[in-house]
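Engineer: Have a look at this prediction, sequence included:
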Amino acid sequence: MDDQNKNLILATALSFLVILVWFVMFPPPEPTPSDPNAPVAETQADGLLAPPPSADPAAAALAPGTAGAETATASEAAADVPRITIDTPSLTGSISLKGGRIDELSLKDYRETIDPDAPIVRLLSPVGSQTPYYALHGWAPGSGLTAELVPGPNTLWTVERGTTLTPGTPLMLSWDNGAGLTFRREISIDEDYMFSLRQSVENRTDAAVSLAPYGIIARHGRPADLKNFFILHEGLIGMADGTLAEIDYDDVEDYPFNPREGAPAEVTQVAEGGWLGFTDHYWMTTLIPAPGTPFKAVTKYDPQRGIYQTETVQQTRQLAPGETITAESRLFAGAKEWATIRRYQNEEGVDRFLDSIDWGWFFFLTKPIFAALHWFNLMIGNMGWAIIALTLAIKALVLPLAYKSYVSMAKMKELQPEMEKIKEIAGDDRQKLQQEMMALYKKEKVNPAAGCLPILLQIPIFFSLYKVIFVTLELRHAPWIGWIRDLSAPDPSSLYNLWGLFPWAAPEPGSVLALIFIGILPLGLGVSMWLQQKLNPSPTDPTQKMIFAWMPWVFMFMLGSFASGLVIYWIANNMITFSQQYAIMRSHGHKPDVFGNIMSSFKRGDKPAPEKKK
């Protein structure tokens, strides 16, 4: 076996092994089945865990069941409550005047499936719905105040200004506690997904009081479409003084009981700024105090009611008689669009907001890869062709390394006669054979391992692109050509119905039949790998020949259930590699007889076709 074939087999086997381990250990996620015996949402209490504790450090924390943590029955939750409509280019929904909750929100630009008539994605839902999930803001009482004197989760607010919340018309709510304090909340929204809240308190009494502004996001139960997949983080997420925290739902449930918070909880003091909330696969809801504002970040869980909760509690404010204090914060509730989140980070000061997208361990590759993919998509207008353009760009960047590798492989071919002579002279003396071979490599300046580099280099790039395609919103429901209408999903075509020519349906995605009866793209992948092999004659050794013969087709079935965008990348990469290697081999005096090698692979017992000299 010559060294070139050894290197190729080694690199291919390593690549095969890594992908096989990945495929076996981390298969594509299956939908989480719903529990038919689970209690319906209507039986859950309307309310939160204990709200942020008293702003007075000397005062005891409010316990569940106090006025501040007041709950209501399902019938009360279902009662008619005044609402203010939210209508923006990106969002539709409403705000409940009960608690001033932002608790009904849907995304206009995204549908649940690729069907154009499918319902739009719903992000937030009120108590009484199947999956309550909402945001609430208010003030925690300090010295001189009790829970009844500050607005709580069930306070009924009055509208001072505004009938519909739009980017050009903010909403002003107010509540008078009847004891000399007037609370106001101004809510505005931009054209994307950012709410801005300006809370104020006017003190008309003759005594000083203290309060602490807070924000809460509460989620009743886990999301129904939770993936539970290793490659993706779903759950609680936060940034505290430049440190990212990704917390799984399981981890929150395992928190020790915190007496001050009245629940299993974890508390972090944030000195210079950050954000905190929940992240799903493609959507996110996040509390964002004003940049540079110190706050207390709290994550907690109510095991009795199954409520997950995040809080941001700002520092206590002293309010003298006749004074008014204000507190500003923001709420992001929407899609994790790369360009939108990047703008909030770079132009509006939300610290490291792009890290809310799960870039993974290879972030130093996934971030630039997606940035380049996004740019190509803007230029071309089609994400499928953008993936092919990105493949060309990556191959161009690694061309110097690939060139050296292919040149080394060509030189190895030129040295074959001398290497055979060394083998004959050395005989069974393995040490002498090794020494003579190393001397020959050194004399001719050939690196026998260089042939592995192009294949080995593809492994981290492949995994990084897989990560990008799986986690980023921009690939979701992105079409390419014809039957490929979602680049984040496997090829929907199938050999079972001859790729759509027969009238019966293709096998259900994820089934064994779908794995066997592959689509057009996986078949193209197998053919492209097989064609790339034909740049060189088949090895004479029967074992090598068998490995080479089966390798493309094994990969074809293994990668058939991967996202279409990833398979497109692999096919494009194979074809570009074929062209590069062919041109480089020609430039060094070898004309690969591709057609002859193809024909010889269909004949039994024939010798491989010889390469032609230029």
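Structural biologist: Received the coordinates, thanks. Residues are numbered from 1 along each chain as shown.
Engineer: going forward, measure contacts and count neighbours with C-alpha atoms only.
Structural biologist: OK.
Engineer: Quick one: low-confidence residue ranges for the stretch 501-614 of the chain.
Structural biologist: 501-502, 504, 510, 536-541, 544, 588-590, 592-598, 600-614 (pLDDT under 70).
Engineer: can you give me the helices in it?
Structural biologist: 512-516, 520-533, 542-558, 564-587, 594-600 (DSSP state H, counting those that start in this stretch).
Engineer: From the contact counts, what lies against the fourth one?
Structural biologist: Translated: helix 564-587. helix 383-397, helix 399-414, helix 453-471, helix 520-533 (3 or more CA pairs under 8 Å, 6 or more residues apart in numbering; DSSP states H and E).
Engineer: Now it - C-alpha only, PDB.
Structural biologist: Output in PDB follows, covering the C-alpha atoms of helix 564-587 (Å, rounded to 0.1, in the frame of the first residue of the first chain):
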ATOM      1  CA  SER A 564     -30.600  20.100   3.200                       C
ATOM      2  CA  GLY A 565     -28.300  23.100   3.600                       C
ATOM      3  CA  LEU A 566     -25.500  21.000   5.000                       C
ATOM      4  CA  VAL A 567     -25.800  18.400   2.200                       C
ATOM      5  CA  ILE A 568     -25.700  21.200  -0.400                       C
ATOM      6  CA  TYR A 569     -22.500  22.400   1.300                       C
ATOM      7  CA  TRP A 570     -20.900  18.900   1.200                       C
ATOM      8  CA  ILE A 571     -21.800  18.400  -2.500                       C
ATOM      9  CA  ALA A 572     -20.400  21.800  -3.500                       C
ATOM     10  CA  ASN A 573     -17.300  21.100  -1.400                       C
ATOM     11  CA  ASN A 574     -16.800  17.700  -3.200                       C
ATOM     12  CA  MET A 575     -17.200  19.200  -6.600                       C
ATOM     13  CA  ILE A 576     -14.800  22.100  -6.000                       C
ATOM     14  CA  THR A 577     -12.300  19.700  -4.400                       C
ATOM     15  CA  PHE A 578     -12.500  17.500  -7.500                       C
ATOM     16  CA  SER A 579     -11.900  20.500  -9.800                       C
ATOM     17  CA  GLN A 580      -8.900  21.800  -7.700                       C
ATOM     18  CA  GLN A 581      -7.300  18.400  -7.400                       C
ATOM     19  CA  TYR A 582      -7.700  17.700 -11.100                       C
ATOM     20  CA  ALA A 583      -6.200  21.000 -12.100                       C
ATOM     21  CA  ILE A 584      -3.200  20.700  -9.700                       C
ATOM     22  CA  MET A 585      -2.500  17.100 -10.800                       C
ATOM     23  CA  ARG A 586      -2.600  18.200 -14.500                       C
ATOM     24  CA  SER A 587      -0.100  21.000 -13.700                       C
END
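Engineer: So Thr312 is in contact with Ala212, correct?
Structural biologist: No: contact status for Thr312 versus Ala212: not in contact, 10.2 Å apart, counting by CA atoms under 8 Å.
Engineer: between these two, who's got more neighbours?
Structural biologist: Per other CA atoms under 10 Å, whichever of Thr312 and Ala212 has more neighbours is Thr312, with 30 against 22.
Engineer: bridging residues for the more buried one?
Structural biologist: Gly215, Ala297 (DSSP bridges).
Engineer: change the start of the numbering to 478 and stick with it
Structural biologist: Got it, the first residue is 478 from now on, which makes the last one we talked about Thr789.
Engineer: now Glu814: how far from Ser988?
Structural biologist: 31 Å (CA to CA, to the nearest Å).
Engineer: More neighbours: which of these two?
Structural biologist: Applying other CA under 10 Å to Glu814 and Ser988 shows that Glu814 carries more neighbours, namely 17 against 10.
Engineer: Which residues are in contact with the closest residue to the more buried one other than its chain neighbours?
Structural biologist: Of all residues not flanking Glu814 in the chain, Leu950 sits nearest, at 6.2 Å (CA to CA, 6 or more residues apart in numbering). Each residue near Leu950 by CA atoms under 8 Å, 6 or more residues apart in numbering is listed here: Tyr759, Ala812, Lys813, Glu814, Trp815.
Engineer: mind checking pLDDT for the residue nearest to the second one when sequence neighbours are not counted?
Structural biologist: Distance criterion CA to CA, 6+ apart; nearest residue to Ala812, sequence neighbours excluded, is Trp760 at 4.5 Å. Looking at Trp760, its pLDDT reads 97.
Engineer: and if you look at Gln607?
Structural biologist: 91.
Engineer: Look up how far Leu601 lies from it.
Structural biologist: Gln607 is 11 Å from Leu601, by CA to CA.
Engineer: So those two - more neighbours on which side?
Structural biologist: Ranked by neighbour count (other CA under 10 Å), Gln607 and Leu601 place Leu601 first, with 23 against 15.
Engineer: Isn't the more buried one up against Tyr611?
Structural biologist: Yes: if you go by CA under 8 Å, Leu601 and Tyr611 touch, sitting 5.6 Å apart.
Engineer: what is in contact with those two at once?
Structural biologist: With CA under 8 Å, 6+ apart, Leu601 and Tyr611 have common neighbours Ile579, Asp580, Glu581.
Engineer: where does the second one fall, phi/psi-wise?
Structural biologist: Read it as Asp580. The phi and psi values for Asp580, taken as degrees, to the nearest 10, are phi -140, psi 10.
Engineer: The last one now?
Structural biologist: Taking degrees, to the nearest 10, you get phi -140, psi 110 for the backbone angles of Glu581.
Engineer: Quick check: beta-bridge partners of it?
Structural biologist: Ser571.
Engineer: Please give the number of neighbouring residues around it.
Structural biologist: Residues near Glu581, counting by other CA under 10 Å: 23.
Engineer: The second one too?
Structural biologist: Using other CA under 10 Å, the number of residues around Asp580 comes to 21.
Engineer: ok so, going back, the residue nearest to Ala812 and Trp815 touch, don't they?
Structural biologist: No: using CA under 8 Å, Trp760 is not in contact with Trp815, being 11.6 Å away.
Engineer: can you pull the contacts of Trp1007?
Structural biologist: Ala1026, Pro1029.
Engineer: how far away is it from Ile993?
Structural biologist: Taking CA to CA, one finds Trp1007 at 19 Å from Ile993.
Engineer: With Ala1049 instead?
Structural biologist: Between Ala1049 and Ile993 the distance, using CA to CA, works out to 23 Å.
Engineer: Please say which of those two ends up with more neighbours.
Structural biologist: Per other CA under 10 Å, whichever of Ala1049 and Ile993 has more neighbours is Ala1049, with 20 against 16.
Engineer: what about the closest residue to the more buried one other than its chain neighbours, how many neighbours?
Structural biologist: Closest residue to Ala1049 apart from its sequence neighbours, by CA to CA, 6+ apart: Ile865 at 6.1 Å. The number of residues packed near Ile865 is 20, by other CA under 10 Å.
Engineer: And Pro845, by the same measure?
Structural biologist: Residues near Pro845, counting by other CA under 10 Å: 11.
Engineer: measure it to Ile572 for me?
Structural biologist: Taking CA to CA as the measure, Pro845 falls 38 Å from Ile572.
Engineer: Asp683 too?
Structural biologist: 34 Å.
Engineer: Out of the two, name the residue with the larger neighbour count.
Structural biologist: Ile572 (22 against 10).
Engineer: how far away is that one from Glu581?
Structural biologist: 7 Å.
Engineer: now do Val875
Structural biologist: 49 Å.
Engineer: and if you look at Pro766?
Structural biologist: 22 Å.
Engineer: tell me the pLDDT at Ile784?
Structural biologist: Note on Ile784: pLDDT of 96.
Engineer: Do I have it right that it meets His697?
Structural biologist: Yes: contact between Ile784 and His697 holds when scored by CA under 8 Å: they sit 4.4 Å apart.
Engineer: In terms of neighbours, single out the busier of the two.
Structural biologist: Under the criterion of other CA under 10 Å, the comparison of Ile784 against His697 puts His697 first, with 25 against 22.
Engineer: Wait, the more buried one touches Thr787, no?
Structural biologist: No: between His697 and Thr787 there is no contact under CA under 8 Å: 12.0 Å.
Engineer: Quickly list the domain ranges of this protein.
Structural biologist: 523-833, 844-1080 (automatic domain parsing).
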